[in-house]
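> Below is the structure, and that's it, no one-letter string:
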């Protein structure tokens, strides 16, 4: 493009102000983009974001905002149940789209979003930022260089001991789509699938439990929620078999009686394995057999980069260079299909075949 990319934000509350807008502001200072407008159903929220980041235009109706010709791309930071319409309408208006994770509240809506992007000939990137961190990037380079061989099994954990969010709609299934599985499990699932090369799922089985969220005698370390409107799971587990013969186990919780929070994944290959701990980089290691000796290697001196900034930088660069985005809608849709299948398996008590 001959000018900086024009960016607009739909949903200018918490995640936009804390993560997305600071990254856009940094790239704007570098001359790579211009933050054109912010939109929120709450005019006060939009004004607060606009003031903080010196954004010239404020809207409460995103459809009116999409009429601005200077907008090239839209960043959708709304709750899960409000992803589909802004994304589809942005494509209809000829804009590229970055949408917060998960892609959609369910795979049916996600499929419509991906199809709309193809029809418009515009880019769709899902904000699954964790894979952009320096640790994940390092492990992926080892895998791509063949150091771990054929990845045949993985186990992924996104676990909180007492971490039900006391704000937003995280506890309401009709607005969120689910609980920890769709909120934080989505991150570790995407990361693990990416390390495995995104194999095609064949079958999925899973369970989802609600044991704590509807009680009023449970400690809340992330604020107080309303047990009366808690309609999601607080723990979920799934097992996925892939068409290439590989498999993956996944656990995610808002509440569980375990020692400590965990956001980690382990992959097992024929030439080596890897453990990636997103909370403690010193535990991130490569396990191999070399020269007749078992070895444990720890990546060190990894650059301290912000994964949100890195993902947004990659999105803008893809627009400027007209290259594929690094987290395409198709991968976000596969993640959502797997999450749907875990919930369906839990509801029916049967394995789900893709």
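Nice, I can see it. Everything quoted here is computed from the prediction, not taken from an experiment.

> can we go C-alpha only for contacts and neighbour counts from here?
Will do.

> looking just at contacts, which helices and strands does the longest helix seen in the chain meet?
Longest helix of the chain, by residue count under DSSP state H: helix 329-348. Applying 3 or more CA pairs under 8 Å, 6 or more residues apart in numbering; DSSP states H and E, one finds that helix 329-348 contacts helix 107-120, strand 124-127, helix 185-196, strand 201-209, strand 235-242, strand 352-353.

> I'd like those written out as CSV, with mean neighbour count, distance to residue 342 and mean pLDDT added.
Formatted as CSV, the helices and strands packed on helix 329-348 follow (neighbours: other CA atoms under 10 Å; distance: least, CA to CA, whole Å; pLDDT from 0 to 100):
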stretch, mean neighbour count, distance to residue 342, mean pLDDT
helix 107-120, 18, 12, 98
strand 124-127, 27, 21, 98
helix 185-196, 23, 11, 98
strand 201-209, 21, 5, 98
strand 235-242, 21, 6, 98
strand 352-353, 16, 8, 98
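
> and of these, who's closest to residue 284?
helix 185-196 (14.0 Å; CA to CA).

> residues in contact with that closest one?
The contact list for helix 185-196 (CA atoms under 8 Å, 6 or more residues apart in numbering) reads 101-102, 128-131, 136, 139-140, 143, 151, 154, 156-158, 199, 250-252, 263-265, 267, 331-332, 335-336, 339.

> Among the residues you listed, name the ones in strands.
Counting by DSSP state E, those place 151, 154, 156-158, 250-252, 263-265, 267 in strands.

> Most widely separated two among those residues?
151 and 252 (22.0 Å).

> Neighbour count for these two, which is higher?
Comparing residue 151 with residue 252 by other CA atoms under 10 Å, the one with more neighbours is residue 252, at 30 against 21.

> Give me the pLDDT value at the more buried one.
At residue 252, the model reports a pLDDT of 98.

> Surely it and residue 184 touch.
Yes: using CA atoms under 8 Å, residue 252 is in contact with residue 184, at 7.3 Å.

> Out of the helices and strands in this structure, which is least certain?
helix 14-15 (a mean of 93; mean pLDDT, DSSP states H and E).

> before we move on, back to that, please tell me which one of the ones in strands among the contacts of helix 185-196 counts the most neighbours.
Busiest of those [other CA under 10 Å] is residue 252, holding 30 neighbours.

> any idea how far that residue is from residue 244?
Taking CA to CA, to the nearest Å as the measure, residue 252 falls 25 Å from residue 244.

> Then residue 100?
Relative to residue 244, and taking CA to CA, residue 100 is found at 29 Å.

> ok, now residue 230?
38 Å.

> do residue 265 as well
Counting by CA to CA, the separation of residue 265 from residue 244 is 20 Å.

> same thing with residue 209?
30 Å.

> same question, residue 225
On the measure of CA to CA, residue 225 and residue 244 end up 42 Å apart.
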